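Starting from these lines, generate the structure:
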Amino acid sequence: MRIIYCDSVVDNKVIEPDYKAEKKSALALGFKSALISFEELTDGNISSALRLVRPSESLETGIYRGWMLTPTQYKELYEGLLKKNIQLINTPKEYQNCHYFPDSYNQIASRTPKSNWTTALEPQSIAKLTNEFGSNPIIVKDYVKSEKHNWEDACFIPDASDDTKVKAVVERFLELRGRSLNEGLVFRQFEELEFLTAHSKSGMPLTKEFRIFFANKQIVKVFEYWDEGEYEGLTPDLEDFVTIAQNIESNFFTMDIAKKKDGDWVIMELGDGQVAGLPDNADRGEFYAGLRF
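Numbering: from 1, shown residues only. Reported below is the predicted structural model:
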């Protein structure tokens with residue numbers, strides 16, 4: 001198996017520093033690796049992006065571990081590597097299924113907050129969606145990311161029926177996302193989660209969340225989502241989430257779960273496992289050991 005990492009913008013012959021510890025753990029466990037240029041890939045220069053990747057003599061499984069890609073960029077990476085006899089663990093369809101929240105919503109709807117979405121950004125379309133939540137609190141995000149570190153101004157809406165507040169928060173969210181906006185807007189009912197601590201920089205309330213990595217429908221590793229705060233030995237019951245994972249159209253993905261104030265657990269979102277980050281305090285050796293198959 002080949003792990004595909006992004007190179008450094010300073011020196012294209014070395015790995016991006018954020019993935020250096022991962023690569024060290026992967027090589028120690030017998031994985032092979034290769035470097036690609038993220039900048040060339042996102043600029044559409046696929047040949048230049050993959051120039052340092054040696055072709056495989058026989059079809060080889062690959063796992064990309066790098067920065068988020070749009071579905072189009074991922075498709076180019078997938079097809080470019082396939083020409084070198086390296087097949088990424090997720091097809092472009094499987095990548096998008098967990099990367100874009102609306103694509104996998106039906107598979108997790110029973111255990112995730114009520115959500116709706118739109119690619120139409122005019123006030124009438126937005127009002128139609130937010131009205132479905134009544135006066136309940138909601139959050140806004142795009143198909144991939146939120147502005148949760150700008151919690152009060154660009155994420156949280158205390159009352160979905162407050163059109164003035166909805167307008168202000170959505171406008172600020174769109175301003176901050178700018179050209180990085182992924183497809184459209186997603187509105188989600190806000191759930192009262194069990195408090196962990198306040199973020200040391202943004203002041204955003206952090207809650208008790210975990211990130212579960214799945215590969216081939218089996219748990220690879222469960223991580224405490226936040227590096228800050230004390231989880232005090234908390235461990236979630238994963239049985240229902242493992243059952244849900246069996247129907248997710250992906251070979252390698254993450255499931256982020258959180259504990260509600262009433263003690264129940266909910267799915268916050270799914271993500272493609274190749275572009276999902278590890279916490280700073282993660283045991284990378286254990287993570288890669290779970291990927292040996």
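
going forward, measure contacts between C-alpha atoms and count neighbours the same way
Will do.

now the helix or strand of the chain with the lowest mean pLDDT, how far from the chain's geometric center?
The weakest-scoring helix or strand in the chain, judged by mean pLDDT, DSSP states H and E, is strand 205-207 (a mean of 87). Centroid separation between strand 205-207 and its chain, computed with C-alpha atoms, centre = their mean, to the nearest Å, is 18 Å.

so what strands line up beside that strand?
strand 195-198 (antiparallel) (DSSP bridges).

On the C-terminal side of the least confident helix or strand of the chain, identify the next helix or strand.
Later in the chain than strand 205-207, the nearest helix or strand by DSSP states H and E is strand 209-215.

Give me the residues contacting that following strand.
219-226, 245, 251-259, 273, 291 (C-alpha atoms under 8 Å, 6 or more residues apart in numbering).

Phi first, then psi, for residue 270.
As for residue 270, its main-chain torsions (degrees, to the nearest 10) stand at phi -110, psi 160.

What about the residue lying closest to it once chain neighbours are set aside, how many residues nearby?
Excluding the flanking residues, the one nearest residue 270 by C-alpha to C-alpha, 6 or more residues apart in numbering is residue 255, at 4.6 Å. Residue 255 has 22 neighbouring residues, counting by other C-alpha atoms under 10 Å.

name the helices or strands packed onto the longest helix anywhere in the chain?
Secondary structure of the chain per DSSP state H: the longest helix is helix 163-177. Helices and strands touching helix 163-177, by 3 or more C-alpha pairs under 8 Å, 6 or more residues apart in numbering; DSSP states H and E, are strand 138-142, helix 151-154, strand 156-157.

Make TSV out of the ones you listed and add distance to residue 15.
Formatted as TSV, the helices and strands packed on helix 163-177 follow (distance: least, C-alpha to C-alpha, whole Å):
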stretch	distance to residue 15
strand 138-142	30
helix 151-154	33
strand 156-157	37
